[in-house]
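1. I need the structure of the sequence given here:
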Amino acid sequence: MRIGIRHRRRGMLDRILIPKRAEVARMLAGPRLAARRTPGGGVLAALRRAEGDALRLVAEIKLRSPSAGELSRRLEPAARAMAYARGGAAMISVLCDELFGGGFAQLAACRDRLDAELGAQRPRLLCKEFVLDPVQLDRAVDAGADAVLLIARIVEPAELTALAHAARARASSRWSRWRRWASSTPRPPPAPSWSASTRATSTRCGSTSIRPPGCSPASRPPS
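-> Sure, this is the predicted structure:
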C-alpha cells in the first residue's frame, strides 16, 4: 500500500517536532538568557529590489538533510557565511535544528564572523528553526539573528499570534515586519517588533522561507 504524501509529510514533521518539544522543555527548565547580541535591522531593505536591480539572494547554511543525509562540510558555518557574503547574498539562513546538523552556536559563530569582517554591511541572518515557544526567540536573539522563521503549520493560530506578540517584546518596532507567503492561514497581527517570516506549510507549500517578489512556493516537503 502506498502512503499518501500528506501522511509522509506528517511523519517527517513528527520526526522533527517530537524531539523539538523535548528540547524546548530543556530550554524552559534552564536559566533565562540575557541576550549578548542584538538584531541589526534593515531586513526588508536588504531584500527589497527595485525594478532593474540585481536579484536579492538568500543563501542557506545546512549541514544535513533528513532526506539526503550529510551535506558538504568543506567549510565550517562561519567561513561559509563569509563566502556567501562575498558572493553577494542579501540574507543568510542558518538551520538551528539538530536534525539538520544545525544549532544556535552555528548562528552565533556566523554573526560574530560577519560582524568582525563586514560590520554593518554584513548580510542579515535568518534563524531557521521550528519555533514552538518564545524561549526559542530568546535563543535566536542571543545567537545574533536579525529575523526568525515562524512556520504556521506547526502551531495553532492563537499560538502564532502569541509568538508574534512575544517577538514584539524582543526588539524595537522600527525594523520588524511580518511577511505572508500563503493565504491559507490567519493573518498575524500587523508589524510585530521582531522581524519574522511566516510560512504556511500546507500540502502544496515548499520549504523556502523568503522569496523575491514574483516567485511562487515550491511544491515539496521539508528536506
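
2. contacts and neighbour counts: CA atoms only from here.
-> Will do.

3. with adjacent residues omitted, what lies nearest to A59?
-> Spatially, and ignoring its direct neighbours in sequence, A59 is nearest to I92 (4.8 Å; CA to CA, 6 or more residues apart in numbering).

4. so the one you found makes contact with R56?
-> No: if you go by CA atoms under 8 Å, I92 and R56 don't touch, sitting 11.1 Å apart.

5. out of the two, which sits in the more crowded spot?
-> A count of neighbours by other CA atoms under 10 Å puts I92 above the other of I92 and R56, at 27 against 17.

6. could you give the bridge partners of the residue nearest the centre of the chain?
-> When CA atoms, centre = their mean is applied to the chain, the residue found nearest the centroid is K128 (2.5 Å). The bridge-partner assignment for K128, based on DSSP bridges, gives L95.

7. quick one: contacts for it?
-> Under the criterion of CA atoms under 8 Å, 6 or more residues apart in numbering, the neighbours of K128 are S93, V94, L95, C96, D97, V148, L149.

8. tell me the secondary structure at the last one.
-> Secondary structure assignment for L149 (DSSP: H, G, I helix; E, B strand; the rest coil): strand.

9. so it is in contact with L126, correct?
-> Yes: with contact defined as CA under 8 Å, L149 counts as touching L126 (7.0 Å).

10. so these two - more neighbours on which side?
-> Using other CA under 10 Å as the criterion, L149 and L126 rank with L126 on top: 29 against 20.

11. what sits against that one?
-> M91, I92, S93, V94, A145, D146, A147, V148, L149.

12. tell me which element the third one is part of?
-> Counting by DSSP states H and E, the element that carries S93 is strand 91-95.

13. so how far is that strand off the chain centroid?
-> Strand 91-95 sits 7 Å away from the centroid of its parent chain (CA atoms, centre = their mean, to the nearest Å).

14. packing partners of the helix or strand just after it?
-> Remark: after strand 91-95, the chain's next helix or strand is helix 104-118, criterion DSSP H and E. Contacts defined by 3 or more CA pairs under 8 Å, 6 or more residues apart in numbering; DSSP states H and E place helix 104-118 against helix 77-86, strand 91-95, helix 134-143.

15. reformat those as TSV; add mean pLDDT and distance to G40.
-> TSV is the format used below for the helices and strands packed on helix 104-118 (pLDDT from 0 to 100; distance: least, CA to CA, whole Å):
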stretch	mean pLDDT	distance to G40
helix 77-86	98	16
strand 91-95	98	12
helix 134-143	94	10
